[in-house]
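Visitor: Pasting the sequence and the predicted coordinates here, then a few questions.
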Amino acid sequence: MTESQNRERAPAWTEREVRDLIAVWGEESVLSELHSSFRNAKTFVKISQGIKDIGYNRNPQQCHVKLKELRQAYQKTTEANSRSRSEPQTCCFYDELHAFLGGAPTTTPALCVVNGLSHNRDADFGDEEDEEEEVEA
């Protein structure tokens, strides 16, 4: 048995499942929680439960990873499109993501003020790796 056969992998996300995940993510209460807290484990449990209620079986970690991938693809597309000389680009589910991630045509992440403290909204997403990527860029 190879190592990949030994490890249990979650089934690939279907297009319909991703659209439903985005719909749950885009709910005002979920967005509000993600933007107002530095620790989002409970929010990803809520997202996981939301898609379980629709009929999918994904744990909070799987939801977090998929949402992170979607957000990063959206941000890369937005950044590429901000360069005036480049051809317009898009990514899967761009329009759905733009509805709540988009707003301003800038590559500078929006700031959110919580309890008088301003911070980067991307930091609210609970990703620690993003900081390393920004330093390298």
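Guide: Right, received. Where do you want to start?
Visitor: and residue 45, what does it touch?
Guide: Residue 45 makes contacts with residue 60, as judged by CB atoms under 8 Å, 6 or more residues apart in numbering. Just so you know, the C-beta spots here come from the backbone N, C-alpha and C atoms, and that holds for glycine as well.
Visitor: And residue 76, by the same measure?
Guide: residue 91.
Visitor: Let's see the pLDDT reported for residue 134.
Guide: pLDDT, the model's per-residue confidence, is 35 for residue 134.
Visitor: what's the answer for residue 127, then?
Guide: Reported pLDDT for residue 127: 45.
Visitor: now for the helix or strand where residue 35 lies, which elements pack on it?
Guide: Residue 35 belongs to helix 28-36 when assigned by DSSP states H and E. In terms of contacts (3 or more CB pairs under 8 Å, 6 or more residues apart in numbering; DSSP states H and E), helix 28-36 is packed against helix 41-54, strand 111-114, helix 121-124.
Visitor: which of the ones you listed has the lowest average pLDDT?
Guide: strand 111-114 (a mean of 36).
Visitor: tell me how far the ends of stretch 52-59 are from each other?
Guide: 9 Å (CA to CA, to the nearest Å).
Visitor: Pull up the gap between the spatially closest residue to residue 74 that is not a sequence neighbour and residue 67, please.
Guide: Counting by CB to CB, 6 or more residues apart in numbering, residue 74 lies nearest to residue 97, which is 4.4 Å off, once chain neighbours are set aside. Taking CB to CB, to the nearest Å as the measure, residue 97 falls 10 Å from residue 67.
Visitor: same thing with residue 58?
Guide: Using CB to CB, which is the criterion applied here, residue 58 is 11 Å from residue 67.
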